[in-house]
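> Please find the sequence and the predicted model below.
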Amino acid sequence: MVSSAPTVATVLLAVGTILWTFQSVLIAFFITKPRKHVKRHQKVQKSGKLVEAKILSYEKTGEMDGMPKRELLLSFINLAGYPTKVKLTVVDSKPHENRYELGNYIDLRLNQNGFKPPFAMASASYKADKRLWAWVLLIFNIAYAVDLSCAVPYLGFKWQIYII
């Protein structure tokens, strides 16, 4: 039996703190990513160059919140002046209007300041997922770290390392 020295304990405490902080930052990233994504799309909607895109084809890919989800193949002239084809997945909140039928045109806003995102639908509303599971995990992660660091000294644990 080998007892852990104060130096080893301090190093392990530092490594554990760094790993726990990294884990918390990673969880926080999963919480904030959808909101940042929505903000970027909204910025492109306001400042992007308006172009008309023709719907070349569409495919129904299921439903989301009771509304049909479609994958569209669009054709438009990009910022460099060349014809471009892209796929875009949309959730149709008004299917009775037949907005995404073959041959129809939709308005896009092209991002003139980068590639994330390359374009946004001019009339779309973007919404971020709440990701409740990530909030619960983050709160649990922080509470567990605080509780563990407060409780261990009072419980009288003696850490020992066994070498076989």
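Here it is on my side, so go on. Numbers count the residues shown, from 1 in each chain.
> can you list the domain ranges for the protein.
1-48+128-164, 49-110 (automatic domain parsing).
> most packed of the ones you listed?
For the domains of the chain, the largest average neighbour count (mean count of other Cβ atoms under 10 Å) is found in domain 49-110, namely a mean of 14. Any C-beta I mention is one placed from the backbone N, CA and C, and that applies to glycine too.
> Residue 121: which of the domains of the chain is closest?
Distances from residue 121 to each of these were compared by Cβ to Cβ, and the smallest falls on domain 49-110, at 6.1 Å.
> Now the terminal residues of the closest one, how far apart.
End-to-end distance of domain 49-110: 5 Å, with Cα to Cα, to the nearest Å as the criterion.
> what's the model's confidence in that domain, averaged?
Taken as a whole, domain 49-110 has an average pLDDT of 88.
> Stretch 13-33 too?
Mean pLDDT, taken over the full extent of stretch 13-33, equals 87.
> What of stretch 137-146?
Per-residue pLDDT values across stretch 137-146 average out to 84.
> Give me the residues contacting that stretch.
If you take Cβ atoms under 8 Å, 6 or more residues apart in numbering as the criterion, stretch 137-146 is touched by 20, 23, 24, 27, 28, 31.
> Pipe those into TSV and attach distance to residue 54 and secondary structure per row.
As requested, the contacts of stretch 137-146 are exported to TSV (distance: Cβ to Cβ, whole Å; DSSP: H, G, I helix; E, B strand; the rest coil):
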residue	distance to residue 54	secondary structure
20	52	helix
23	47	helix
24	47	helix
27	42	helix
28	41	helix
31	38	helix
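> nearest to residue 129, of the residues you listed?
Nearest to residue 129 among the contacts of stretch 137-146 is residue 31, at 9.7 Å by Cβ to Cβ.
> from what I can see that closest one touches residue 133, true?
No. In this structure, residue 31 sits apart from residue 133 without contact. The criterion is Cβ atoms under 8 Å, and the distance is 9.8 Å.
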